[in-house]
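In: starting from these lines, generate the structure:
(one chain, ligands or ions: 1)
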Amino acid sequence: MSGTPYGKSMAQAAVAAAQAAAAKSVDRVYNFNPGPAVLPLPVLEEAQRHLLALPGVGMSVLEISHRSKSFDEILAQAEADLRALLGIPDNFKIAFLQGGASLQFTMVPMNLLPKEGSADYIVSGHWAQAALKEAKKVGKVNVAASTEAENFSRIPRQEELKLDPKAAYVHFTSNNTIYGTEAPAEPEVGSVPLVCDASSNILSKPIPVGKYALIYAGAQKNMGPAGVTTVIIRDDLLGRVPPGLPAMLDYKLQVEKKSVYNTPPVFAIYILRLVLQWLRQLGGLKEMERRNKEKSDLLYNAIDSSGGFYRGTVEKWCRSRMNITFRLPAETLEEKFVKEAASQKLSGLKGHRTVGGIRASLFNAFPLEGVQALVSFMKDFQQKNG
Ligand SMILES: *Cc1c(COP(=O)(O)O)cnc(C)c1O
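Out: Predicted structure coming up:
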């Protein structure tokens, strides 16, 4: 930028800018939102620092060409870090797409469900239902199991799954963002390709990627900002993609074109790259799992030791470490809880409108101190209202 504001010296301007930045981070609340969700502060700070000009490029990442060398590097680094973090085998390809996880509900069956075939769906919550609904528009589907009758207070158990050994694939949701359940392990599906919507717990712990055929995730829960969706796909599945699909919806084309068939969400991919770098610097997914366990245990212990004032809403064996759902003795108290919490910088605790109650989303970037603050608020609230 030319000149310095209000005739201050460069040094003064720099100090003022640093102070403004520090004040902004102090003003940040604890963000329990389910998505878009909290991002790591160091990532936001780096993006802020380099927003006007990427080092060595002299242009904002918002202004660069998606076919430039600098964007090539961002994309390559994002892919390399994702591979390293998840231990993605070489026979898997990665594509960064648009349209959110919701477009994957359509792309998966369009690409992988042949006309004469059928696909198995494990229905464990709202998003699994949404995936099933879209797949039905494309081809034949079979509900392998559903826990809807129990208001999705648990995920289906392995022994309940009615799996078709000839299914084109089995689809499951690894973490049910709205209901607060999480699959402790992958379903056993034999040699049928396993497809997973991992939008709300990807990168929260190590997973055996080799057990999967396709993993997809919208970034805005645990990976970055809204606008980019990660698809990790085993390369043999690309051979199944039928000819003549609309280009944008064709996995084979998107993989061949390395995510730049058309203009990708450059900024979202840049932030994703910073998040992946942050994860690697922190020690990777084992360390993330340790932190996520520590944070969620702290909150679940507070719920379980409240003498019934706070009640978890799901079965303990499949409790989510990402989205912790609970109820209070009355809806009026829940409203009061959310409101008073917000006044103490504990923001975004209202449960999803379809289920009510309280939901605390503790994604990777959510700090332990925020959980400690919530637990202390909960004790205080119970004392005053219990
Ligand atoms: C949020 C969410 C979705 C929907 O994601 P969009 O990117 O908004 O389409 C799908 N599945 C799960 C598990 C989610 O948490």
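In: how many residues are close by Leu328?
Out: By other C-beta atoms under 10 Å, the residues close to Leu328 number 23. Every C-beta, even on glycine, is put in place using the N, C-alpha and C of the backbone.
In: ok, so what distance separates it from Ser306?
Out: Leu328 is 10 Å from Ser306, where distance means C-beta to C-beta, to the nearest Å.
In: all helices for the stretch 101-250 of the chain, in order.
Out: Applying DSSP state H, counting those that start in this stretch to the stretch 101-250 of the chain gives helices spanning 126-138.
In: ok, now which ones touch the residue in the stretch 1-150 of the chain positioned nearest to the ligand?
Out: Using C-beta to the nearest ligand atom, the closest approach of the stretch 1-150 of the chain to the ligand is made by Gly100 at 2.6 Å. Gly100 is in contact with Gly218, Ala226, Thr229, counting by C-beta atoms under 8 Å, 6 or more residues apart in numbering.
In: closest to the ligand among those residues?
Out: Out of the contacts of Gly100, the member with the shortest distance to the ligand (by C-beta to the nearest ligand atom) is Gly218, at 3.0 Å.
In: can you read off the pLDDT for the closest one?
Out: In this model, Gly218 is scored at 98, pLDDT.
In: go on, Ala20?
Out: At Ala20, the pLDDT value in this model is 59.
In: got the residues of the stretch 251-386 of the chain near the ligand?
Out: Applying C-beta under 6 Å from any ligand atom, one finds that the stretch 251-386 of the chain does not approach the ligand at all.
In: okay, and for the stretch 251-386 of the chain, where does confidence drop off?
Out: Within the stretch 251-386 of the chain, no stretch has pLDDT under 70.
In: helices along that one, start to end?
Out: 251-256, 266-282, 284-304, 331-343, 368-385.
In: tell me which of the contacts of Gly100 fall in strands.
Out: In strands, defined here by DSSP state E, the members of the contacts of Gly100 are Gly218, Thr229.
In: per-residue confidence for the residue of the stretch 1-150 of the chain closest to the ligand?
Out: pLDDT recorded at Gly100 is 98.
In: looking at it, Asn385 is touching Thr332, isn't it?
Out: No - counting by C-beta atoms under 8 Å, Asn385 sits too far from Thr332 to count as a contact (10.0 Å).
In: between those two, which is the more surrounded one?
Out: More crowded of Asn385 and Thr332, by other C-beta under 10 Å: Asn385, with 15 against 10.
In: distance of that one relative to Lys350?
Out: Where Lys350 is concerned, Asn385 sits at a distance of 17 Å (C-beta to C-beta).
In: what's the answer for Gly58, then?
Out: For Gly58, the distance to Lys350 equals 44 Å [C-beta to C-beta].
In: same question, Thr181
Out: Applying C-beta to C-beta, the value for Thr181 to Lys350 is 19 Å.
In: of those two, which one has the most company?
Out: With neighbours defined as other C-beta under 10 Å, Thr181 and Lys350 compare such that Thr181 has more, 26 against 20.
In: coming back round to it: so of the helices of the stretch 251-386 of the chain, which one's packed in deepest?
Out: Sort these by mean neighbour count, taking mean count of other C-beta atoms under 10 Å, and helix 266-282 sits at the top with a mean of 21.
In: CA atoms of that helix as PDB?
Out: Taking C-alpha atoms only, helix 266-282 is exported to PDB below (Å, rounded to 0.1, in the frame of the first residue of the first chain):
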ATOM      1  CA  VAL A 266      -8.500 -21.200  -4.500                       C
ATOM      2  CA  PHE A 267      -8.800 -19.500  -1.200                       C
ATOM      3  CA  ALA A 268     -10.500 -22.400   0.500                       C
ATOM      4  CA  ILE A 269      -7.800 -24.800  -0.700                       C
ATOM      5  CA  TYR A 270      -5.100 -22.300   0.600                       C
ATOM      6  CA  ILE A 271      -6.600 -22.300   4.000                       C
ATOM      7  CA  LEU A 272      -7.000 -26.100   3.900                       C
ATOM      8  CA  ARG A 273      -3.300 -26.300   3.200                       C
ATOM      9  CA  LEU A 274      -2.500 -24.100   6.200                       C
ATOM     10  CA  VAL A 275      -4.700 -26.300   8.400                       C
ATOM     11  CA  LEU A 276      -3.000 -29.400   7.200                       C
ATOM     12  CA  GLN A 277       0.400 -27.800   7.900                       C
ATOM     13  CA  TRP A 278      -0.800 -26.900  11.400                       C
ATOM     14  CA  LEU A 279      -1.900 -30.500  12.000                       C
ATOM     15  CA  ARG A 280       1.500 -31.800  11.000                       C
ATOM     16  CA  GLN A 281       3.400 -29.300  13.100                       C
ATOM     17  CA  LEU A 282       1.300 -30.300  16.100                       C
END
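In: so it versus helix 284-304, what angle?
Out: Put simply, helix 266-282 runs at 90 degrees to helix 284-304, going by axes from the mean of the first three to the mean of the last three C-alpha atoms, to 10 degrees.
In: identify each buried residue in stretch 182-195, please.
Out: Using 16 or more other C-beta atoms under 10 Å as the test for burial, stretch 182-195 gives Glu182, Ala183, Glu186, Pro187, Val189, Val192, Pro193, Leu194, Val195.
In: who touches it?
Out: Contacts to stretch 182-195, defined as C-beta under 8 Å, 6+ apart, come from residues 108, 112, 120, 122, 124, 155, 158, 161, 163-165, 167-176, 196, 201, 207-208, 211-216, 234, 237, 317-322.
In: count of residues packed around the closest residue to Gln254 other than its chain neighbours?
Out: Distances taken as C-beta to C-beta, 6 or more residues apart in numbering place Ala95 nearest to Gln254, at 4.5 Å, with adjacent residues excluded. Ala95: 22 surrounding residues under other C-beta under 10 Å.
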